[in-house]
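> Got a sequence here, can you model it:
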Amino acid sequence: MKERAKYMTRYAEALRARADRLKECAILEAGCPVSSNVMGAQVHTPLRMTDEIVDLFLRLPEHEENPLPIHERVNPFFTVQSLKRWSPLGVVSAISAYNVPFYTAFWKVIPALMAGDTVILRPNPLTPLSSLVFAEAADEAGLPKGVMNVIMEQGLEGGLAMTTHPDVDMVSFTGSCTVGAKVAEQAAPTLKRLVLELGGKSAQIYLPDAVGRAASAASSVCLSHAGQGCVLGTRVFVPQESKDQVLEGMAKALEGVKIGPASDPATVLGPVISAGQRARCEHFVEAAVAEGGRVVAGGKRPEGLDKGFYFEPTVLDLPDNKNPAAQDEIFGPVIGVIGYRDLDHAVEMANDSKFGLSGWVHGADKVKALEVGLRIRSGAVNINGALMSSYASGGGIKMSGQGRERGIEGLREFQMMTTLNIGG
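The predicted model follows:
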């Protein structure tokens, strides 16, 4: 483990030396505005976290890959000593997402290598460029040949081999629920270990004492990489009596937002990834209105931007949580606001979802906010805007996936534990 830590320290240095190139990739292939707050998640946050992952591994009491005693039983007839040993799992297939390609690949590649596994990385064909950096940095850091591998393809042949080949021990996938289910189906005959980080429809509950902050949710969701984030709080729950005030505030917050090319420093909202994704935004706005919703702001393509897949930041007034725009992941700059009668009603609606990836609770009374957060069925819940940490795990339940990334639990996904029972 200590020897791998030395390799990973050099690897981290080689990755950091390519920060400017990674930033350029995020702009050119993912359409992330140069001024976006998400640029940190695209590049700088994962580069900083490499050292944290190495630190986390080396802090584990079991990090030395030697058997460790966990139990001993003695009686007049026999003695049994039980030991456990953590070791590399084997070959890991890593399949990353298009929205934050470097970040989603990072949380597969770095922990797997630190655990002693070999990695085959396949980026989403829409955003392949940043993944080349992993291979180049591996060569520069002197990683043994064959430890870090990258497959670049437009078709499905390589991806199919990564999920079905008998020599692959684990598949770690980030992407849509539909494709995640297909990955699980393909991996099932060989019973591979799976970590699936899939879609979300995260709820944001604003307690009555924090409703004044709710208008800012429009910016934090719609303007964060054009709403293309699986943990973004796209369902906003506020007291029914405050709903009109919140909707008005959200509309004002989005007035005059600069929409344009990601390379323009003045751009606040860039494009979505494809024509199909823009059509999805349009579909759900239409479906929301057809089921009793109302467009408060946006809801269409901006004028004068015919080249590129742009969609206006959109605020929807939704009559209830059963509306199509509240039940499905849109993955675009669209946010829906729903009124609640009381906090029990808010929690009930928050949990009335096929997803369970993330959730948000805002309250001046932190104790009350925590109480509400503990009632949300989700892999992670953020209180008062707190963000994820390398040391704390996250992941989905229900249709949002299985397994964990980050934290000790996330690192252990890439290892196998052997229990040795010794008698005599």
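> give the contact list for the residue lying closest to Leu60 once chain neighbours are set aside.
Residue nearest to Leu60 in three dimensions, not counting chain neighbours: Ile408, with 6.9 Å by C-beta to C-beta, 6 or more residues apart in numbering. From N, CA and C alone the C-beta is placed, and that goes for glycine too. When contacts are counted by C-beta atoms under 8 Å, 6 or more residues apart in numbering, Ile408 touches 56, 60, 393.
> again, but for Phe134
Contacts of Phe134 (C-beta under 8 Å, 6+ apart): 15, 105, 109, 121, 148, 150.
> switch the cut-off to 10 Å
11, 14-15, 18, 94, 96, 102, 105-106, 108-110, 113, 119, 121, 123, 148-150 (C-beta atoms under 10 Å, 6 or more residues apart in numbering).
> which strands and helices sit next to the strand or helix carrying Thr178?
Using DSSP states H and E, Thr178 falls within helix 177-187. In terms of contacts (3 or more C-beta pairs under 10 Å, 6 or more residues apart in numbering; DSSP states H and E), helix 177-187 is packed against strand 91-95, helix 157-164, strand 170-174, strand 193-197, strand 401-402.
> Report the mean confidence score over whichever helix or strand the residue nearest to Leu60 is part of.
Ile408 belongs to helix 407-412 when assigned by DSSP H and E. On average, the pLDDT along helix 407-412 is 92.
> Likewise for stretch 144-161?
88.
> Need the CA coordinates for it. CSV is fine.
What follows is stretch 144-161, C-alpha atoms only, in CSV (Å, rounded to 0.1, in the frame of the first residue of the first chain):
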residue,chain,number,x,y,z
PRO,A,144,3.3,-0.2,-14.8
LYS,A,145,2.0,-0.8,-18.3
GLY,A,146,-1.5,-2.2,-18.3
VAL,A,147,-2.5,-0.9,-15.0
MET,A,148,-4.3,2.2,-16.4
ASN,A,149,-6.1,1.7,-19.7
VAL,A,150,-8.5,4.0,-21.7
ILE,A,151,-10.9,2.8,-24.5
MET,A,152,-12.0,5.5,-26.9
GLU,A,153,-14.9,4.5,-29.2
GLN,A,154,-18.2,5.7,-30.6
GLY,A,155,-19.8,2.3,-30.8
LEU,A,156,-20.8,-0.2,-28.1
GLU,A,157,-18.4,-3.2,-28.7
GLY,A,158,-15.8,-2.1,-26.1
GLY,A,159,-18.4,-1.1,-23.6
LEU,A,160,-20.1,-4.5,-24.0
ALA,A,161,-16.8,-6.3,-23.4
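> Tell me the secondary structure at Val119.
Assigned state for Val119: strand (three-state reduction, DSSP: H, G, I helix; E, B strand; the rest coil).
> Could I get the contacting residues of it?
91-94, 105, 108-113, 134, 138, 143, 146-150, 170, 172, 414.
> So which of those residues are in helices?
105, 108-113, 134, 138 (DSSP state H).
> For stretch 24-44, which residues meet the burial criterion?
Residues of stretch 24-44 classed as buried under the neighbour-count rule (16 or more other C-beta atoms under 10 Å) are 24-27, 29-34, 36, 38-39, 41-43.
> still on that earlier bit, PyMOL command to pick out the buried ones of the contacts of Ile408?
The following PyMOL line selects those of those that are buried, judged by 16+ other C-beta under 10 Å:
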select buried, resi 56+393
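> Quick check: which of the contacts of Ile408 has the minimum pLDDT.
Among the contacts of Ile408, pLDDT bottoms out at Leu60, giving 74.
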